[in-house]
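> Structure of the sequence below:
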Amino acid sequence: MMNIAQYLDSTYLKTPEQSGISEHETLQKDKDLAQEAIDNGIFAVMIRPDYVSEIKKYIQERNSDVVVGTVIGFHEGTYSVDEKLAEAEKAIAEGADELDFVINYNAYLNGDVNMVKDEFIKCTQLCLQNHKVVKWIIEIAALTDEQIADLTQNISNWAEDNFPENEWPKIFVKSSTGFYETKAGKPNGATFEGIKIMLDNAGKLPVKAAGGVRTPEDAEKMITMGVKRIGTSSASALIKNQSASEGY
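Have a look, this model is predicted:
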């Protein structure tokens, strides 16, 4: 059986307000997530920026190499470039290893591709200069198949035109936030169809499937297709060969 733990970004991204619990309880959830990752060989934990410093310290104190990831411009992606850069600089200073930016897909949909290119270049440059991995969430549930292909291809082209080839493995295209509200029961996360389009258009950039991967079989299929990482709030179930009943 495939060892899927090494592909997983174990995720908890609800704010205290969204989950109806306190800051302290949220931090405890993140610590539990980190301990679960340490115990099970899960590659990374993906948490909100406010908790990066504490979770980085928690993991280091246990002499673990579990990676700490966080989200920037989450979840709407409409933050300005300066706001995203400031949020990213703070997360880097507090110990984040990987930064998952929500690309301004609304600007893209409105035809302002130059704005999207500008934020991609500036934010990617910040991360690479600090030896961090950067992932760009394109929110495929908000896009048509043609737009998924076009935006993924743009990101690939911008990366290849502006950064050296040895850095491309650190620049991911990621499918989803898991927070986008869809209609009529449409999936709001990764689908096999959407991921195939991303893989077909990402060039030499790696792809991360996020949201909606709820069975070990789905995870293995995504990995076999070519994704390098999977974001999930159900990491524990997946590595225990169980199906997730709900969640991201």
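> all strands for the protein, in order.
Secondary structure of the chain (DSSP state E): strands located at 8-12, 44-47, 67-72, 98-102, 133-137, 171-174, 207-210, 229-232.
> Work out which residue lies at the spatial centre of the protein.
Geometric centre of the chain, nearest residue: residue 100, 4.7 Å, by C-alpha atoms, centre = their mean.
> hang on, it packs against residue 73?
No: if you go by C-beta atoms under 8 Å, residue 100 and residue 73 don't touch, sitting 9.3 Å apart. For every residue, glycine as well, the C-beta is placed using N, CA and C.
> Identify the contacts common to these two.
In terms of C-beta atoms under 8 Å, 6 or more residues apart in numbering, residue 100 and residue 73 are not both contacted by any residue.
> ok, the nearest residue to the residue nearest to the centre of the chain once chain neighbours are set aside to residue 63 distance?
Among residues not flanking residue 100 along the chain, residue 135 sits closest, at 4.3 Å (C-beta to C-beta, 6 or more residues apart in numbering). Applying C-beta to C-beta, to the nearest Å, the value for residue 135 to residue 63 is 26 Å.
> just residue 150 next, same as before
Distance, residue 150 to residue 63, using C-beta to C-beta: 45 Å.
> Which one's more surrounded, the two?
More crowded of residue 150 and residue 63, by other C-beta atoms under 10 Å: residue 150, with 16 against 7.
> With adjacent residues omitted, what lies nearest to the more buried one?
Nearest one to residue 150, counting by C-beta to C-beta, 6+ apart, is residue 201 at 7.8 Å.
> Go ahead and confirm that neighbour touches residue 153.
Yes: counting by C-beta under 8 Å, residue 201 does reach residue 153; the two are 4.4 Å apart.
> Compare these two (neighbour count), which wins?
Taking other C-beta under 10 Å, residue 201 and residue 153 do not tie; residue 201 has more neighbours (20 against 17).
> Now for the more buried one: which residues touch it?
In this structure, residue 201 makes contact with 148, 149, 150, 152, 153, 156, judged by C-beta under 8 Å, 6+ apart.
> Recalculate using a threshold of 6 Å.
The contact partners of residue 201, taken as C-beta atoms under 6 Å, 6 or more residues apart in numbering, are 149, 152, 153.
> And residue 124, by the same measure?
For residue 124, the contact set (C-beta under 6 Å, 6+ apart) comprises residue 134.
> Next: the one 5 residues further on.
Contacts for residue 129 (C-beta under 6 Å, 6+ apart) come out as none.
> The nearest residue to residue 154 once chain neighbours are set aside and residue 150, how far apart?
With C-beta to C-beta, 6+ apart as the criterion, residue 154 has its nearest non-adjacent residue at 6.8 Å, and that residue is residue 113. If you measure residue 113 against residue 150 using C-beta to C-beta, the figure is 9 Å.
> try residue 45
Taken as C-beta to C-beta, the span from residue 45 to residue 150 is 32 Å.
> same thing with residue 111?
Note on residue 111: its distance to residue 150, by C-beta to C-beta, is 12 Å.
> looking at the protein, which helix or strand is least sure?
The helix or strand of the chain with the lowest confidence, counting by mean pLDDT, DSSP states H and E, is helix 235-239 at a mean of 91.
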